[in-house]
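Participant: Structure for this input, please:
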Amino acid sequence: MKKYCYILILLLPILACKRINPEKPKFDGEISPLPKATSKVNVPLTIPLSYIEKNLNQKLSEKLYSEKGLDMGNGLHTDLDVLRKGEISLKSLNNNHLQLELPLQLKGKLNIEKEIFGQVISSSLPFDESLAPRVSFEPEIGRNWDVNIKNIQIESWGRSLKYNLLGYEIDFDPILRKHVQKMLNSQLTGDNLTRISFRNMIQETWQVYGKPVKLEQNGFDVFVYSVPKKIKVKESLTANHELKMAIGIEGEVFTQVGSKPEMKVPPLPDLYYNGEDRNYLDVTLPIAIPYQSLNKYLNKEMAGKTFQINSKTQLTPRGFTTQQFGDRALVEVEFTAKRNGKKDLQGKVFLVARPTYDPNREAVVFEDIDFDLQTKNILAKSASWMHQGKVLEEIRKYAEYPIGDYIREARLELQKQGYIETDFATFRVKRPELDVEGIYTTKEDIRIYLRSTGQMGVELK
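Facilitator: Residues are numbered from 1 along each chain as shown. Model (predicted):
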């Protein structure tokens, strides 16, 4: 209360004139556009091949392939079942390739049908063989966001596939190579391995990324939301038998006051190459202080309060109104002065100032504060003896709008929104830092750009 009394005592000389009522100034000039608020998240993932082995062994079915009546040529046909026997193993090779060892069992029967001396002779020979093929392939993030494989090569079967049955030499290699490659491409990707589906993980992250964050300030709801625009991916294999990935998401951040925005998250976009490996979160949150909220706070703190200026004079501020004035803010102050033995004096003054942030006070304060040109001219003509500079300095010292709770709420909501749980892994924002990067004025509000930086924690399931 004392600080406000002191300001009003300094304003007392203004009341010597009969009326101070300048016209509301109009800004004449170009208004700088708001800088773009961006959001960038880059998450490196390290997936041990043993983790992929475990999931493959859990998901791969025992019967990998089955077909009847395969034509082997020379009147030979076979019924074939390919079964998985034992655990598979993975290891990394050069040139970003993996080698897979997959114990197999071939079971079936060879059907022979020959015409000898005009008679058709049919015979059936069962077979049951164990194989240990070594298969190399190159993993990649496919267009469907799953881990796909390409360049499948069967390096070895573990034994010869040539057989001599009843005088017939049979080579199972060509037919098995064709069908086993097809089987591996099917079994190692797609719905059989949804538990390590990166598409599911990216889709859930994409949805959360664009979810509005609700903040409340002085009775007003403010929604901050991101529009995702780009996804970047890089994957590589290491000599330590690990799959390393770096997934980056970029977008633009917006603010809406009042009602929750109607969001329609766009579909997953095409992939871009990710040239960054570091773990970081860099998000600019353009939170808003509506002028209605600022007016409400100023009117609550000062309007209607009567201040005793001296034994003969009382002054009561009646209202405060704020708005944009170019790149600065305009504050209109209406007041009433009661003087013993004289008529009441009513009036208003206009102040122009640049809003900025004071970290020590955790508040928006006003720098470069001054009376607007019209107000200044009136004061110069009717009260030129007033110490205007001292009045403005005191106003600059004490005028503030606290936003500490606003910033803390934004940090808490950021942590909540940054917690993403998928079937594959859990992601969380780790100790985000929030700093005020800039304050700007718009037609509807004062916009505070909070820059959040930190890292993402990842825990595989």
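Participant: what's the distance between the residue nearest the centre of the chain and Asn340?
Facilitator: The residue lying closest to the centre of the chain (C-alpha atoms, centre = their mean) is Tyr209, at 4.0 Å. If you measure Tyr209 against Asn340 using C-beta to C-beta, to the nearest Å, the figure is 65 Å. (Glycine included, C-beta is placed from N, CA and C.)
Participant: Then Glu332?
Facilitator: Glu332 sits 28 Å away from Asn340 when distances are taken as C-beta to C-beta.
Participant: Name the residue in those two with the higher neighbour count.
Facilitator: Legend: neighbour count by other C-beta atoms under 10 Å for Glu332 and Asn340, higher for Glu332 (19 against 9).
Participant: was I right about the more buried one contacting Pro317?
Facilitator: No - in this structure Glu332 lies outside contact range of Pro317 using C-beta atoms under 8 Å: 11.1 Å.
Participant: secondary structure class for Pro266?
Facilitator: The three-state label given to Pro266 by DSSP: H, G, I helix; E, B strand; the rest coil is coil.
Participant: I misspoke; the intended subject was Leu184.
Facilitator: Put simply, Leu184 is helix when judged by three-state DSSP.
Participant: How many residues are close by it?
Facilitator: Based on other C-beta under 10 Å, the number of other residues close to Leu184 is 21.
Participant: can you tell me which residues contact it?
Facilitator: For Leu184, the contacting residues are Leu100, Leu102, Val135, Phe137, Ile149, Ile152, by C-beta atoms under 8 Å, 6 or more residues apart in numbering.
Participant: Might you specify the subset of those located within strands?
Facilitator: Leu100, Val135, Phe137, Ile149, Ile152 (DSSP state E).
Participant: I'd say the second one and Trp157 touch.
Facilitator: No - contact criterion C-beta under 8 Å: Val135 and Trp157 do not qualify, at 10.0 Å.
Participant: ok so, going back, pick out whichever of the ones in strands among the contacts of Leu184 sits closest to Thr356.
Facilitator: Ile149 (55.9 Å; C-beta to C-beta).
Participant: The helix or strand where Leu83 lies pairs with which strands?
Facilitator: Using DSSP states H and E, Leu83 falls within strand 76-84. Strands that pair with strand 76-84, judged by DSSP bridges, come out as strand 63-73 (antiparallel), strand 104-116 (antiparallel).
Participant: which parts of the last one are buried?
Facilitator: The reference is to strand 104-116. For strand 104-116, burial by neighbour count (16 or more other C-beta atoms under 10 Å) applies to Leu104, Gln105, Leu106, Gly108, Lys109, Leu110, Asn111, Ile112.
Participant: where along the stretch 301-450 of the chain do the strands fall?
Facilitator: 307-310, 313-325, 328-339, 345-358, 363-371, 400-402, 420-421, 425-441, 445-460 (DSSP state E, counting those that start in this stretch).
Participant: Name the SS class of Lys211, please.
Facilitator: Three-state assignment for Lys211 (three-state DSSP): coil.
Participant: And it, how far from Phe223?
Facilitator: 10 Å.
Participant: ok, now Gln181?
Facilitator: From Gln181 over to Phe223 the distance is 52 Å, taken as C-beta to C-beta.
Participant: So between the two, which is more surrounded?
Facilitator: Neighbour totals were compared for Gln181 and Phe223, and Phe223 leads with 19 against 15 (other C-beta under 10 Å).
Participant: Cheers, nothing more for now.
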